[in-house]
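# Here's a sequence, model it:
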Amino acid sequence: EHNNILTTMSADNIVAEARMMCCASCGKSELDDIKLMDCDACDLVRYCSDKCQDDHRWQHDATCKERAAELRDEILFKQPESSH
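Okay, here's the model as predicted:
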């Protein structure tokens with residue numbers, strides 16, 4: 001049964017899930033004593049510290065701004081559901 005679930009997941013989804021379990025800057029994984037923080041703007045990456053976020057900013061900045069703009073557009077242009 002689990003094999004069917006894995007075959008329906010794309011390789012990109014699996015890689016994205018793995019990335020979310022590790023600091024985007026240093027690669028530390030989330031453990032009991034390490035809590036990763038989501039990027040406030042885009043939620044695409046996580047960091048173990050403010051220093052790692054600052055160190056990684058130059059690599060993440062363009063992608064972050066693009067995704068943050070997409071998220072803002074989704075909120076702004078989301079149509080209310082019909083009440084019919």
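
# Please tell me I have it right and His60 contacts Arg46.
No. Using C-beta atoms under 8 Å, His60 is not in contact with Arg46, being 11.1 Å away. No exception for glycine: its C-beta is placed from N, CA and C like everyone else's.

# Overlap in contacts, the two.
Residues touching both His60 and Arg46 by C-beta atoms under 8 Å, 6 or more residues apart in numbering: 24, 39.

# From Ala62, how far off is Ala69?
Here Ala69 is placed at a distance of 11 Å from Ala62 (C-beta to C-beta, to the nearest Å).

# Out of the helices and strands in this structure, which is least certain?
Lowest on mean pLDDT, DSSP states H and E among the helices and strands of the chain sits helix 2-8, with a mean of 48.

# Buried residues, stretch 61-81. List them.
By 16 or more other C-beta atoms under 10 Å, the buried positions in stretch 61-81 come out as 64, 67-68.

# Can you tell me the closest non-neighbouring residue to the residue nearest the centre of the chain?
Centroid-nearest residue in the chain: Leu44, 2.1 Å away (criterion: C-alpha atoms, centre = their mean). Nearest non-adjacent residue to Leu44, counting by C-beta to C-beta, 6 or more residues apart in numbering: Arg67, 5.5 Å away.

# where in this structure is pLDDT low?
By pLDDT under 70, the low-scoring segments of the chain are 1-19, 79-84.

# what ranges do the helices span in it?
Listed in chain order, the helices found in the chain under DSSP state H are 2-8, 11-20, 50-77.

# Does Ala24 touch Arg46 like I think?
Yes. The criterion here is C-beta under 8 Å, and Ala24 meets it with Arg46 at 6.4 Å.

# between these two, what contacts are shared?
With C-beta under 8 Å, 6+ apart, Ala24 and Arg46 have common neighbours Cys39.
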